[in-house]
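# Kindly return the folded structure for what I paste below:
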Amino acid sequence: MKLHQLRQSDGAKRSRKRRGRGIAAGQGKTGGYGTKGQNARSGRGGKPYFEGGQLPLVRRLPLKRGFNPPNRVEYYVVNVRDLADFPAESVIDPNVLIASGLVRDAEQPVKILGEGKIRIALTVRANAFSASALAKIQEAGGTCETI
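Got it, this is the predicted structure:
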């Protein structure tokens, strides 16, 4: 097969309907838009949201609503139980967490949460700590430093 022999398969392309071009065209006179009314006029239809006064679908469904704060900070979350695997007296910062596979992206800030238990003293450096994580790390004899 050569480039000049390539063709689209039958039915892949369909020519558009040329509405309002006479009786023989099959879409003459009203052009398939019915008689009168908003949908027969030029610039057809209304606003996509408007349903003739009926409560719009978007408002009838209880999902996809709410407020997304524009300045929200997305944290990578690491729990205290994940830190328990590190050797005692080690310094844990975002670079160490990336190397261990607990965090994927160096650009995103890291937050330490307090789920789980820790029994070893660690120096943990992160962008944020929950109150329970702070208490558990300090209770085990470690220190927390906010970057």
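# Can you tell me what sits against the longest helix seen in the chain?
With secondary structure taken from DSSP state H, the chain has its longest helix at helix 131-139. Contact partners of helix 131-139, identified using CB atoms under 8 Å, 6 or more residues apart in numbering, comprise 79-80, 83, 112-114, 117-118, 122, 124, 129, 143-144. Any C-beta I mention is one placed from the backbone N, CA and C, and that applies to glycine too.
# Would you mind checking the residues you listed for buried ones?
Buried by 16 or more other CB atoms under 10 Å: 79-80, 83, 112-114, 118, 122, 124, 129, 144, out of the contacts of helix 131-139.
# Take the contacts of helix 131-139 and write them to a markdown table, including pLDDT and secondary structure.
Below are these laid out as a markdown table (pLDDT from 0 to 100; DSSP: H, G, I helix; E, B strand; the rest coil):
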| residue | pLDDT | secondary structure |
| --- | --- | --- |
| Asn79 | 89 | strand |
| Val80 | 89 | helix |
| Leu83 | 85 | helix |
| Ile112 | 90 | strand |
| Leu113 | 90 | strand |
| Gly114 | 86 | coil |
| Lys117 | 86 | coil |
| Ile118 | 87 | coil |
| Leu122 | 86 | coil |
| Val124 | 88 | strand |
| Phe129 | 91 | strand |
| Thr143 | 86 | strand |
| Cys144 | 87 | strand |
